[in-house]
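1. sequence first, predicted coordinates after that:
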Amino acid sequence: MNIDKSSLYLYCFEMLFGDDFKQKQVVFYFKNHYVTANFYKSNPFEQNAHDIEFRKSFFNTFLNDDPFKDKRNLLKQDLIGTMKKFENFVTKCKIEVSSIESSIKDVEFLDIKGLKFPFLRTDSKDVFEPVSIIFDEILD
């Protein structure tokens with residue numbers, strides 16, 4: 001996924017877990033390294049209308065008619081399956097991110113001890129592959 005799709009991917013987890021989720025909990029494989037980073041500030045959209053449209057699409061796809069939060073709990077319990085579902089969802093998503101961000105922030109390379117950057121410039125051709133989620137209390 002490019003930076004825009006990766007931002008949407010993270011936003012899906014934020015909508016699923018709410019305030020308990022932090023962007024840096026998702027590990028991406030990026031240029032032969034495992035990294036965590038922040039891809040956006042409050043949401044990945046410049047235009048509020050696109051944010052609303054994406055949220056509606058997300059809730060209609062994953063959480064529609066879920067008064068007892070059963071669907072939400074199933075997504076939380078099967079994180080491997082959920083990662084794939086969210087990746088498919090954002091890959092097919094036609095809603096424009098209109099991201100002004102061309103960099104990721106607070107970047108940590110997990111496979112190089114102590115290597116951290118305040119930001120890392122990227123371009124639209126860079127590929128971020130989600131590979132895991134780091135969590136401790138997120139599932140409690």
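-> Yep, it's here. Just so we're clear, the structure is a prediction, and the values are computed from it rather than from any experiment.
2. same for the host helix or strand of residue 80, what does it pack against?
-> In this structure, residue 80 sits in helix 79-92 according to DSSP states H and E. Applying 3 or more Cβ pairs under 8 Å, 6 or more residues apart in numbering; DSSP states H and E, we find helix 79-92 packed against helix 3-17, helix 70-77, strand 129-133. The C-beta positions use only the backbone N, C-alpha and C, and glycine is treated the same way.
3. now the helix-or-strand element of the chain with minimal mean pLDDT: buried residues?
-> Of all the helices and strands that make up the chain, helix 70-77 has the lowest average by mean pLDDT, DSSP states H and E, namely a mean of 92. By 16 or more other Cβ atoms under 10 Å, the buried positions in helix 70-77 come out as 72, 75-76.
4. ok and it relative to helix 79-92, angle-wise?
-> Inter-element angle recorded for helix 70-77 and helix 79-92: 110 degrees (by axes from the mean of the first three to the mean of the last three Cα atoms, to 10 degrees).
5. circling back to that earlier point, most tightly packed of the helices and strands packed on helix 79-92?
-> A comparison of the helices and strands packed on helix 79-92 by mean neighbour count, using mean count of other Cβ atoms under 10 Å, puts helix 3-17 on top with a mean of 22.
6. any idea of the mean pLDDT in it?
-> In this model, helix 3-17 carries a mean pLDDT of 95.
7. check which helices and strands that helix sits against.
-> Counting by 3+ Cβ pairs under 8 Å, 6+ apart, helix 3-17 packs on strand 26-30, helix 48-58, helix 70-77, helix 79-92, strand 129-133.
8. returning to what we had before: in the helix holding residue 80, what's buried?
-> 79, 82-83, 86-87, 89-90.
9. if we can go back for a sec, keeping just the C-alphas, turn the least confident helix or strand of the chain into CSV.
-> What follows is helix 70-77, C-alpha atoms only, in CSV (Å, rounded to 0.1, in the frame of the first residue of the first chain):
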residue,chain,number,x,y,z
ASP,A,70,-20.6,-8.6,18.4
LYS,A,71,-19.1,-7.7,15.0
ARG,A,72,-16.7,-5.3,16.7
ASN,A,73,-15.6,-7.9,19.2
LEU,A,74,-15.1,-10.5,16.4
LEU,A,75,-12.9,-8.1,14.5
LYS,A,76,-10.8,-7.5,17.6
GLN,A,77,-10.4,-11.2,18.4
